[in-house]
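Participant: Output the structure for:
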Amino acid sequence: MRLFLAALAGALALASGAACEPQSPFADWAAIVVAGDDHASHTDELTETFDNARRDIAAELVRKGFSKVDILQFSVRPSRYPDTRPALADLGPIAQGLDRLVKQAPGGCLVYFTTHGAPQGVALDGYLLPPKYLARLVDRSCGQKPTVVVMSACFSGVFIPALAGPNRLILTAARRDRSSFGCSESDTYPFFDDCMLKVLPGAADFIAVGPAVQACVARREQEEGMAPPSHPQVSVGAKFRATPRPFPPSAG
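Facilitator: This next block holds a predicted model:
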């Protein structure tokens, strides 16, 4: 009887401990991660930089408390990546996928693009996605939910005016009039995505990510003599800033 009671007490203690574990603030967030191109800068050579970033950013989001089933990945060459099973990077599937995810994970939204960019928008499988079209997609699917949008591309600061809002954090790889770096066929990741992957594991929350990535990119560009500097941009809405969402300690 004593052994039985001891075992029962132990089981109850374990169950109580599990029940007390805090749930991640991002466990019910929808997330999409899009690799919008597969060509290197200034050449016709193929590059894995954007798909490498897509794959590893998605994996890092899971470590930061997102649910794997609530993350969709997109690639211009989905058949090449059976391990991560991305969908085709096209505006229709992206919009439909985000709509579906938000219904099953209504807590918030994360939208991450890694691709080439121009002053008119970002590359999405051979055409340019302008800021106003991405803004419509995010407005329709995410609405007033807390939302993080990350645009890793040259000239991506052009997206901030269209996307910024009180419930949103927007982070871009460059000023609206500047290039970003690291998109050759020999690069593993673009500079910006590489810094995201370095910063996210130790970050307390998304608000802390922006300044840390800015500093990381500036150091890398200075070390490698890249000029003019890209100047990543950050916009944090007042409502988003007033409601901190810390990453789970065990996920960092």
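Participant: Could you pull out the strands in this protein for me?
Facilitator: Taking DSSP state E, the strands of the chain run over residues 29-35, 71-75, 87-88, 108-114, 117-118, 121-124, 127-129, 147-152, 168-172, 233-236.
Participant: Put together TSV for the ones you listed, with mean pLDDT and distance to A58 on each row.
Facilitator: Where C-beta positions appear, they are placed from N, C-alpha and C, glycine not excepted. Compiled in TSV, those are given as follows (pLDDT from 0 to 100; distance: least, CB to CB, whole Å):
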stretch	mean pLDDT	distance to A58
strand 29-35	98	5
strand 71-75	98	5
strand 87-88	97	12
strand 108-114	98	8
strand 117-118	96	20
strand 121-124	97	18
strand 127-129	95	20
strand 147-152	98	12
strand 168-172	98	16
strand 233-236	98	22
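Participant: can the ones you listed go into TSV with extra columns for distance to I94 and mean neighbour count?
Facilitator: Formatted as TSV, the strands of the chain follow (distance: least, CB to CB, whole Å; neighbours: other CB atoms under 10 Å):
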stretch	distance to I94	mean neighbour count
strand 29-35	6	27
strand 71-75	6	23
strand 87-88	8	15
strand 108-114	9	25
strand 117-118	17	22
strand 121-124	8	24
strand 127-129	9	17
strand 147-152	13	27
strand 168-172	18	26
strand 233-236	22	18
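Participant: Looking at those strands, which is nearest to D99?
Facilitator: strand 29-35 (9.1 Å; CB to CB).
Participant: So what touches that closest one?
Facilitator: For strand 29-35, contacts defined as CB atoms under 8 Å, 6 or more residues apart in numbering pick out 50-51, 53-54, 57-58, 61, 66-67, 70-76, 86, 89, 94, 97-98, 101-102, 104-115, 124, 141.
Participant: thinking again about what came up before, in CSV: the strands of the chain, plus distance to L46.
Facilitator: Formatted as CSV, the strands of the chain follow (distance: least, CB to CB, whole Å):
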stretch, distance to L46
strand 29-35, 12
strand 71-75, 12
strand 87-88, 17
strand 108-114, 15
strand 117-118, 18
strand 121-124, 14
strand 127-129, 18
strand 147-152, 18
strand 168-172, 25
strand 233-236, 29
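Participant: Which of those sits closest to G182?
Facilitator: Closest among the strands of the chain, using CB to CB: strand 147-152, at 9.6 Å.
Participant: residues in contact with H231?
Facilitator: Counted by CB under 8 Å, 6+ apart, H231 has contacts 157, 174-175, 178, 214.
Participant: If we use 6 Å, what do you get?
Facilitator: 175, 178 (CB atoms under 6 Å, 6 or more residues apart in numbering).
Participant: likewise R77?
Facilitator: Contacts of R77 (CB under 6 Å, 6+ apart): D38.
Participant: Could you check how far A35 is from D125?
Facilitator: Relative to D125, A35 is positioned 10 Å away (CB to CB, to the nearest Å).
Participant: Just grab the bridge partners of the residue most central in space within the chain for me.
Facilitator: Central residue of the chain (CA atoms, centre = their mean): Y112, 3.8 Å from the mean position. Following DSSP bridges, Y112 is listed with bridge partners V33, V150.
Participant: Tally up the residues packed near S79, please.
Facilitator: Burial of S79 is recorded as 9 neighbouring residues (other CB atoms under 10 Å).
Participant: go on, C183?
Facilitator: 27.
Participant: and the residue nearest to the centre of the chain, what is it in contact with?
Facilitator: Y112 touches 33, 57, 150, counting by CB under 6 Å, 6+ apart.
Participant: ok, 7 Å please
Facilitator: Neighbouring residues of Y112 by CB atoms under 7 Å, 6 or more residues apart in numbering: 33-34, 57, 150.
Participant: a markdown table for those, including distance to A208?
Facilitator: Listed next are the contacts of Y112 as a markdown table, based on distance: CB to CB, whole Å:
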| residue | distance to A208 |
| --- | --- |
| V33 | 20 |
| V34 | 24 |
| I57 | 17 |
| V150 | 14 |
